[in-house]
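[1] generate coordinates for the sequence data below:
(2 chains)
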2 protein chains.
Amino acid sequence: MSYRKVPYENLKKFCTDVFKGYGYSQEESEDIVDVLLQADLFGIESHGVQRLIRYHRSLMQGKIHPDARASVISETPVSAVLDAHGGAGQLTAIFAMRKAIEKAKNTGIGFVIMKNTNHYGIAAYYSLMAAKEDLIGLSFTNTEAMMPPTFGRQAMLGSNPIAVAMPADPYPFSYDGSTTVVPRGKLEVYNKKEEPLPNGWGVDEKGLDCNDAAVILDNIINCKGGGILPVGGSSPLSGSHKGYGYGMMCELFTSILTGGPTSNHWRRGETSQSFIAIDYGMFGDKKEIRQHMSTFMQELRDSNKAEGQDRIYTHGEKEFENEKVRKTEGIPVNEKTEAEMREIAEYLHLDYEAYLG
Amino acid sequence: MSYRKVPYENLKKFCTDVFKGYGYSQEESEDIVDVLLQADLFGIESHGVQRLIRYHRSLMQGKIHPDARASVISETPVSAVLDAHGGAGQLTAIFAMRKAIEKAKNTGIGFVIMKNTNHYGIAAYYSLMAAKEDLIGLSFTNTEAMMPPTFGRQAMLGSNPIAVAMPADPYPFSYDGSTTVVPRGKLEVYNKKEEPLPNGWGVDEKGLDCNDAAVILDNIINCKGGGILPVGGSSPLSGSHKGYGYGMMCELFTSILTGGPTSNHWRRGETSQSFIAIDYGMFGDKKEIRQHMSTFMQELRDSNKAEGQDRIYTHGEKEFENEKVRKTEGIPVNEKTEAEMREIAEYLHLDYEAYLG
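    As a prediction, this is how the structure comes out:
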C-alpha cells in the first residue's frame, strides 16, 4: 500500500472542517482533531486519521450523538462523576481531564470518572494533558471484551489500556499500553498482511493457542470465545495472572466505579473511562522531583545494552521523536485512507484538493 | 524438607514475644507479626515466618533500627510525606496506610509516601487494610535493582510490586504482583531445588536468556548485570515494554516522589513506598458499586474454562481459601525455619517448647 506525506497543518485544517461539518464548533472540532492527529504525529497510524471513516460512519448512523455534551452528575473537591450521554469520546474525555487538572491544582488530586462514552483514541493523549500542566496524569478506559482471564476461553475483559505520564526533560515519561499482549489493531495488521500471529498472542474459542488473526478477530466480534491473551501469556509461569490483574485494575477504575457495563457486557456508547491528575508538588519541590525523574530516565537510556541491541528507550521517547519529524516533514497517509477522506469530503461538500491536493 | 503444622495462635504468640524482645511494644510487635503471618496464612511461605531469621539478623546488626518510628515530614488534606528513619518496614507501612485511610475518610483520597524505609513484607497487606475499611487500597514499593529495561542487560528497576484491593463479596479483589515475570523468591526456590528456570524468566550479564537461577541471583547481589525480565519477557513482541512500563509506574510512585534512591541506586534503609486509599463512595452508592464488583468477579469465576482447565480464579481467591484452612489446621513450618526460630528463642531467652513444643 502506498503512502503520501501530507503537511500536518493541511491535514488538521481538513479534519477540523470535517468535524465542523457534523455540527461541532470550531473549538470542539479542533479538540477532537488534536487527539486524532496526535496519534499520527506519534506514529500510531491505527489510532490516527485512518479512523476518520469510522467516526464518520458512527456519526452518520447515529452511533455517536453529535449533540451530546458531557454533564457533571456529582462532584467533590477531589472527584467528579460525568456522563458523556453517548457523545464523541475525545471531546468528553478532554472535558473530563480538564476537570481533573483543575481539581489537582486546587486540592492536589483530581479523580474524574466518565460513563456512557465512546472510544477516545490514544489513552496517552489525556495523561499527557496533565503532564503539560506539570502534573502526573493517568487515564483508563474499558472496551468490548477481548481478553479471556487466565485459564479461561471466554473474552471477559477489554484491551483495557492504562496510560501514565510524568513530566521530565527533555521529554516526559509517557506509558500507554493495553493490558492484553497486543491491542486489537495489531491483529488487524497481521490479518491484512495474511501473516501468522506470533505465538502467545491469542487463543481460539477452545482457549487453545491460535496463530490465525482472522479467526480471533471474528471470534471477538461475534463473541464466540477466545481472544487476545493478557500480557504475560496463557500461563501463570509467564505471568498471565499479572496481565489479567492489570486488566482488572483498569476495569475497576472504569466500569466498576461508574456502574457501567463491564467489558463482557459492553455496549456502544456505554464505555467507561477515568482520568486522574496529581500535583506532585504536594510531595516536595517540583523542580527536584522532575529532575530526579529526568536523571533516572537518562540513566535508563545510558545503561548497558543487551548483546545485539544498540538502544534502550524510555516510554514515549519514540513517539516524541516521530512527532518532531512529522511536524516538519508531514504525516504519511495511505492511499486507502485518502480514498476514504475524499468520500467524506464529497459527503460534506468540502473541496478535498484545496486542502490536500 | 519436612514440614510440621503449627497452630496459628501459638506461632503468633511466639513471634510477638520475639519482637517484644527487640524492644517493640506489645501493640507494635502484634502489628509486625500480623504482616509476617498473613503471608503464611495466604500460603506465601517466602514472605512469612521463614524470614524471621533475616529480621533477627538485621536488627542484631543494626541494619534495621529498632528505635526508629515514622514521622510526618509534611501533609495536605489528601497527602502526606513520611520518613521511616530506617525503621521496621511493616510498622512504618501500617502507620502510613492508616494515615492514608484517615485522609480518604475525610476527603475521599489519601496518598501517602514513605522514604528511608525497609522491606515491608507482602504489598497486599496494606492494600487490604484499606479494603477492610471498605475503601480501595493501593500499595507500591521499590526494591534493589533486578529488572533490566527492554533491550538492556543491566538491572535498573526493582521487582517493584503493585498491589490493588477492592472490597467485594464473598472476598475482596486483591491483586499483588511484582512487575518482573517472577519475584526473586521464585528464583531462590529453583536454586534450592537445583532446577533449571523456565524460559523467559531471566537474562545473564550479557542480556541473553539464562536458565541458571544461581547465576542470576549472584549477578543481582553483586550488581554484575542481567536479572529478572519484566512481565512480558525480553521482546516488545511479547509485551516486554509493558512490564518495564508497570515497573516505571511503581518507581514513579515510590523513589521518584520521595526523592529517595531509584532502584539502581538502592541502599538498605532507603527503600521508598507509597500507600493510596480511595473512598469509592464519592463515585456513587457504595453498596451498588461493591455489588457490581462482586457480580463481575463471580462472572469471571463462572466463565468458560480453557480446554484442560477446571477453574478460573479471581485475584486473592487462592489466598483467602488458604487462610481459612490454615487458621484452623495450622501453618506448615519447615524444619530449617524451626531450627532458626529455636536459635532466636535461645538468643532472647524464650522457652521455645512452651510456645511451640
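[2] residues in contact with the closest residue in space to A:T141 that isn't next to it in sequence?
    Setting aside the residues directly before and after it, A:T141 is nearest to A:Q273 in space (CB to CB, 6 or more residues apart in numbering or on different chains), at 4.4 Å. Backbone N, C-alpha and C define where each C-beta goes, glycine included. Under the criterion of CB atoms under 8 Å, 6 or more residues apart in numbering or on different chains, the neighbours of A:Q273 are A:G89, A:A93, A:A96, A:I113, A:M114, A:T117, A:Y120, A:S139, A:F140, A:T141, A:N142, A:T254.
[3] can you list the strands that the host helix or strand of A:Q273 pairs with?
    Assigned by DSSP states H and E, A:Q273 belongs to strand A:271-278. Paired strands of strand A:271-278, with direction, are strand A:109-117 (antiparallel), strand A:136-141 (antiparallel) (DSSP bridges).
[4] for these, give me a markdown table that also has mean pLDDT, mean neighbour count and distance to A:K206.
    Formatted as a markdown table, the strands paired with strand A:271-278 follow (pLDDT from 0 to 100; neighbours: other CB atoms under 10 Å in any protein chain shown; distance: least, CB to CB, whole Å):
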| stretch | mean pLDDT | mean neighbour count | distance to A:K206 |
| --- | --- | --- | --- |
| strand A:109-117 | 98 | 28 | 34 |
| strand A:136-141 | 98 | 28 | 29 |
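[5] I'd like the distance between A:S174 and chain B.
    Note on A:S174: its distance to chain B, by CB to the nearest CB, to the nearest Å, is 10 Å.
[6] again but with A:G316, I slipped
    Distance from A:G316 to chain B, by CB to the nearest CB: 10 Å.
[7] out of the contacts of A:Q273, who's nearest chain B?
    A:I113 (5.7 Å; CB to the nearest CB).
[8] doesn't A:G260 make contact with the closest one?
    No. With contact defined as CB atoms under 8 Å, A:I113 does not reach A:G260; the gap is 9.2 Å.
[9] overlap in contacts of the two?
    Joint contacts of A:I113 and A:G260 (CB under 8 Å, 6+ apart) are A:T254, A:S272.
[10] how far off centre is stretch A:209-229?
    Centre-to-centre, stretch A:209-229 and its host chain are 21 Å apart (CA atoms, centre = their mean, to the nearest Å).
[11] show the model's pLDDT score for A:L208.
    As predicted, A:L208 sits at a pLDDT of 89.
[12] so what does the longest helix belonging to chain A touch, helix or strand wise?
    Secondary structure of chain A per DSSP state H: the longest helix is helix A:89-107. For helix A:89-107, the elements it packs on are helix A:26-42, strand A:79-83, strand A:109-117, helix A:124-132, strand A:136-141, strand A:271-278, judged by 3 or more CB pairs under 8 Å, 6 or more residues apart in numbering or on different chains; DSSP states H and E.
[13] tell me, how many residues neighbour the residue nearest to A:I220 when sequence neighbours are not counted?
    Using CB to CB, 6+ apart and skipping residues adjacent in sequence, the residue nearest A:I220 is A:M146, 4.8 Å away. Other residues lying near A:M146 total 28 when counted by other CB atoms under 10 Å in any protein chain shown.
[14] swap in the one 10 residues further on?
    Neighbouring residues of A:M156 were enumerated by other CB under 10 Å; the total is 25.
[15] now do A:P66
    16.
[16] can you confirm it is in a strand?
    No. A:P66 sits outside any strand when classified using DSSP: H, G, I helix; E, B strand; the rest coil, being coil.
[17] closest to A:N219 among the contacts of A:Q273?
    A:N142 (19.0 Å; CB to CB).
[18] tell me how far the closest one lies from B:C250.
    According to CB to CB, to the nearest Å, A:N142 and B:C250 sit 23 Å apart.
[19] can you pull the contacts of the residue of the stretch 251-357 of chain A found nearest chain B?
    Taking CB to the nearest CB as the measure, the stretch 251-357 of chain A has A:A306 as its residue closest to chain B, at 2.6 Å. A:A306 makes contact with B:P148, B:F151, B:G152, B:R153, B:V203, B:K206, B:G207, B:L208, B:S234 under the criterion CB under 8 Å, 6+ apart.
[20] from chain B, how far out is A:Y55?
    Taking CB to the nearest CB, one finds A:Y55 at 28 Å from chain B.
[21] skip the chain neighbours and tell me the closest residue to that residue.
    A:I64 (6.9 Å).
[22] count the residues that sit near that neighbour.
    Count around A:I64 with other CB under 10 Å applied: 24.
[23] A:Q90 too?
    Using other CB under 10 Å, A:Q90 has 26 neighbouring residues.
[24] break chain A into its domains for me.
    A:1-61+A:323-357, A:68-181+A:237-315, A:183-228 (automatic domain parsing).
[25] quick one: name the residues of the stretch 251-357 of chain A near chain B.
    Applying CB under 8 Å from any CB of the partner chain, we find that the stretch 251-357 of chain A lies next to chain B at A:251-252, A:255-259, A:262, A:264, A:278, A:280, A:282-284, A:288-289, A:292-293, A:296, A:299-300, A:303-307, A:309, A:311-315.
[26] tell me which of those residues fall in helices.
    Counting by DSSP H, those place A:E251, A:L257, A:T258, A:E288, A:I289, A:H292, A:M293, A:F296, A:E299, A:L300 in helices.
[27] the last one and A:M114: what is the separation?
    To A:M114, A:L300 is 33 Å away according to CB to CB.
[28] and for A:P161, the neighbour number?
    23.
[29] so what's it up against?
    A:P161 neighbours (CB under 8 Å, 6+ apart): A:A123, A:F140, A:T141, A:D176, A:G177, A:S178, A:T179, A:P183, A:C250.
[30] pLDDT score for the residue nearest to A:Y190 when sequence neighbours are not counted?
    Excluding the flanking residues, the one nearest A:Y190 by CB to CB, 6+ apart is A:A213, at 4.3 Å. Looking at A:A213, its pLDDT is 95.
[31] now the residue nearest to A:I220: how far from chain B?
    A:M146 is 14 Å from chain B, by CB to the nearest CB.
[32] for that residue, what are phi and psi?
    Dihedral pair for A:M146: phi -150, psi -10, per degrees, to the nearest 10.
[33] that one against A:R184, yeah?
    Yes. With contact defined as CB under 8 Å, A:M146 counts as touching A:R184 (6.0 Å).
[34] now for the two: what residues contact both?
    With CB under 8 Å, 6+ apart, A:M146 and A:R184 have common neighbours A:S159, A:I220, A:I228.
[35] related to what we said a few turns ago, just the pLDDT for the residue of the stretch 251-357 of chain A closest to chain B.
    94.
[36] excluding its backbone neighbours, what's nearest it?
    Here the residue nearest A:A306, using CB to CB, 6+ apart, is B:G207, at 2.6 Å.
[37] OK, contacts around the residue nearest to A:Y55?
    Contacts for A:I64 were tallied using CB under 8 Å, 6+ apart; they are A:Y55, A:S58, A:G86, A:G87, A:A88, A:G89, A:N118, A:G269.
[38] about what we covered before: okay, the longest helix of chain A in CSV with CA atoms only?
    Extracted in CSV, the C-alpha atoms of helix A:89-107 (Å, rounded to 0.1, in the frame of the first residue of the first chain):
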residue,chain,number,x,y,z
GLY,A,89,-15.2,10.1,23.2
GLN,A,90,-12.4,12.6,22.5
LEU,A,91,-14.5,15.7,23.3
THR,A,92,-15.9,14.3,26.5
ALA,A,93,-12.5,12.9,27.6
ILE,A,94,-10.8,16.3,27.2
PHE,A,95,-13.6,17.9,29.3
ALA,A,96,-13.0,15.2,31.9
MET,A,97,-9.2,15.6,32.1
ARG,A,98,-9.5,19.4,32.2
LYS,A,99,-11.7,18.9,35.2
ALA,A,100,-9.3,16.5,36.9
ILE,A,101,-6.4,19.0,36.2
GLU,A,102,-8.5,21.9,37.7
LYS,A,103,-9.1,19.8,40.9
ALA,A,104,-5.5,18.7,41.1
LYS,A,105,-4.4,22.3,41.0
ASN,A,106,-6.8,23.2,43.8
THR,A,107,-6.5,20.2,46.1
